[in-house]
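Asks: Build the 3D model from these lines:
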Amino acid sequence: MADLTEYLKDLDIMAVPTLGEKLAECKYFYDLLKEETDQNKFRWLLGAFLNSSYGYLEFKASYLHYGFCHPETGEPLEDCERLEALTKYVNVKRHKKSGFIKTSALSELMAKLYKFRNRSTHDGGIEVMVTGSDLPADFKIGKFISKGVPALKFCEEILSFFEELEAELD
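Replies: This next block holds a predicted model:
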């Protein structure tokens, strides 16, 4: 059996991000996006925003699965009520062997987030178009002008959703 005392002495609890810090990370990248007028830098920051938003949801789902323990057995206890609220918007699956938590989109907004994040991470980068001179407001996600999604507006919707979700889960 491992020596818990030595383990705890070596653990820097301040190094572990909290749920609040994951949301603050999303806001950090959004604040940078609101000021960025260079198309490439905007694209990079948008990728960081998308990844931090995805990470927030994954972390939230993991926390609701494993954030509490049975006081006698130490076994993880799911926060069923709050997990049920989260699953109105994202599907949450736990791998039976490893316990790994994976989320996927259920709502239209989350489907866009997951699609854009996937393109940013796995498909060579997210496409960002310049559709006017009022930058960064005129940056759009996509490669077809007629189908472009206003990037800042989309990010605002994500952050607004996260704030509403936090309120719902409190």
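Asks: ok now do Gly47, which residues does it touch?
Replies: Ser120, Thr121, Gly125, Ile126 (Cβ atoms under 8 Å, 6 or more residues apart in numbering). Every residue, glycine included, has its C-beta placed from N, CA and C.
Asks: Mind listing what's buried along the helix or strand encompassing the first one?
Replies: I take that to be Ser120. Ser120 is part of helix 108-122 when elements are defined by DSSP states H and E. Residues of helix 108-122 classed as buried by neighbour count (16 or more other Cβ atoms under 10 Å): Met110, Lys112, Leu113, Tyr114, Phe116, Arg117, Arg119, Ser120.
Asks: Would you mind pulling the contact partners of that helix?
Replies: For helix 108-122, the external contacting residues (Cβ under 8 Å, 6+ apart) are 46-47, 50-51, 53-54, 57, 89-90, 104-105, 125-127, 141, 149, 154, 157-158, 161.
Asks: Nearest spatial neighbour of Ile141, chain-adjacent residues omitted?
Replies: Counting by Cβ to Cβ, 6 or more residues apart in numbering, Ile141 lies nearest to Val149, which is 4.4 Å off, once chain neighbours are set aside.
Asks: The one you found reaches Lys143, doesn't it?
Replies: No: using Cβ atoms under 8 Å, Val149 is not in contact with Lys143; the gap is 11.3 Å.
Asks: separation between the residue nearest the centre of the chain and Cys26?
Replies: Nearest to the geometric centre of the chain sits Ser53, at 2.2 Å (Cα atoms, centre = their mean). The gap separating Ser53 from Cys26 is 5 Å, by Cβ to Cβ, to the nearest Å.
Asks: which residues do those two both contact?
Replies: Residues touching both Ser53 and Cys26 (Cβ under 8 Å, 6+ apart) are Ile158, Phe162.
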